[in-house]
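Participant: okay, here's the prediction I keep looking at, along with the sequence it came from:
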Amino acid sequence: MANLKEIRNRITSVQSTMQITSAMKMVSAAKLKKAQDAITAMRPYAEKLTELLQSVSATLEGDAGGQFTSQREVNKVLVVVITSNRGLCGAFNSNVIKQSKIVADSYAGKQVDFFAIGKKGNDAFRKANTVIENKSEVFDNLTFDNVAEIAEVLTKKFTSGEYDKIEIVYNQFKNAATQIVQTEQFLPLAPVKSDKPVSAGDYIFEPSKEEIVLTLIPKSLKTQLYKSIRDSFASEHGARMTAMHKATDNATELRNQLKLTYNKARQAAITGEILEIVGGAEALKG
């Protein structure tokens, strides 16, 4: 059994860890509330914009989406990996990295590059793969304008023919304890799949429907990327809060076990000392 000083040092160390994990949990909980409110408020807008785009484009004939819907032979693929800049958030980053590898492996024989949004994704792929860019600084000031610049860069890479397909891998926020890894096709725009007939007879379009679609598509792409990053941001804080909560619980359990061990060791030491005193007294009497 370890001596009393070693056990005391371990108890102190565990208590310090508890304070850190508890503080991180509270910080993540506070940030989660803001991030959750932001993504909850944005989802209806993003869904309505997508619905409007699909509704208008479904009534058009031919290739109304122009270069954004151009279906080319897939030889070069760009995978946008959205992770966090920091760890200590459970399997949040590893799940996205694992899914990104699965997506890359599905294009065997093709050129697959990565576009990292978050330091963890960049660190995971830069050694063995090609990471063309890392935009981890976007989390320092997460605004629509900053994300729109990234969306424009991605759009140019597709329209210029540099890449034939762009996919996004990220964590979708469900609740504080649950994040769902999603893979979405960013470009080219996927054709609308709907069993319901779409009619545009209730609307008067000014300017033409074609011009409206070509105006909506860039806006929709920027909104899609912004929603994905917002989802990932809220998921990160939810995952970190849950991970730190579990870490605090484990540290509490370990501290209690160490205290029990310390008390047993202390009791054994006191008992041994009493026996020595009694034995010495008996020896003097004899």
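Facilitator: Looks like it came in fine.

Participant: just how off-centre is stretch 237-247 within its chain?
Facilitator: Its chain's average C-alpha position is 13 Å from that of stretch 237-247, according to C-alpha atoms, centre = their mean, to the nearest Å.

Participant: tell me the buried residues in that stretch?
Facilitator: With burial defined by 16 or more other C-beta atoms under 10 Å, the residues of stretch 237-247 counted as buried are 237-245, 247. Heads up, the C-betas are built off the backbone N, CA and C, glycines and all.

Participant: include distance to Tyr107 and pLDDT when you put those into JSON lines, please.
Facilitator: Shown next, in JSON lines, are the buried residues of stretch 237-247 (distance: C-beta to C-beta, whole Å; pLDDT from 0 to 100):
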{"residue": "His237", "distance to Tyr107": "32", "pLDDT": "96"}
{"residue": "Gly238", "distance to Tyr107": "31", "pLDDT": "96"}
{"residue": "Ala239", "distance to Tyr107": "28", "pLDDT": "96"}
{"residue": "Arg240", "distance to Tyr107": "32", "pLDDT": "96"}
{"residue": "Met241", "distance to Tyr107": "35", "pLDDT": "96"}
{"residue": "Thr242", "distance to Tyr107": "33", "pLDDT": "95"}
{"residue": "Ala243", "distance to Tyr107": "32", "pLDDT": "96"}
{"residue": "Met244", "distance to Tyr107": "37", "pLDDT": "96"}
{"residue": "His245", "distance to Tyr107": "38", "pLDDT": "96"}
{"residue": "Ala247", "distance to Tyr107": "38", "pLDDT": "96"}
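
Participant: ok, these vs Val80, which is closest?
Facilitator: For the buried residues of stretch 237-247, the residue nearest Val80 by C-beta to C-beta is Ala239; the value is 19.6 Å.

Participant: so which strand or helix has that closest one?
Facilitator: Taking DSSP states H and E as the criterion, Ala239 maps to helix 209-285.

Participant: repeat that for Gln179.
Facilitator: Going by DSSP H and E, Gln179 is part of strand 178-187.

Participant: which helices and strands sit right next to that strand?
Facilitator: helix 92-105, helix 144-159, strand 165-175, helix 209-285 (3 or more C-beta pairs under 8 Å, 6 or more residues apart in numbering; DSSP states H and E).

Participant: mean confidence score for the second one?
Facilitator: The one in question is helix 144-159. Averaging pLDDT along helix 144-159 yields 96.

Participant: the shortest one now?
Facilitator: Per-region confidence: strand 165-175 scores 96 on mean pLDDT.

Participant: please renumber the chain so that the first residue is 35 from this point on.
Facilitator: OK, 35 is where the count begins now, so the last one is strand 199-209.

Participant: for that strand, buried residues please.
Facilitator: Neighbour count says strand 199-209 has 199-207 buried, by 16+ other C-beta under 10 Å.

Participant: wait, which of these is closest to Ile311?
Facilitator: After measuring these against Ile311 - C-beta to C-beta - the closest member comes out as Asn205, at 64.2 Å.

Participant: okay, and the beta partners of Leu112?
Facilitator: Beta-bridge pairing of Leu112 under DSSP bridges involves Asp147, Ile200.
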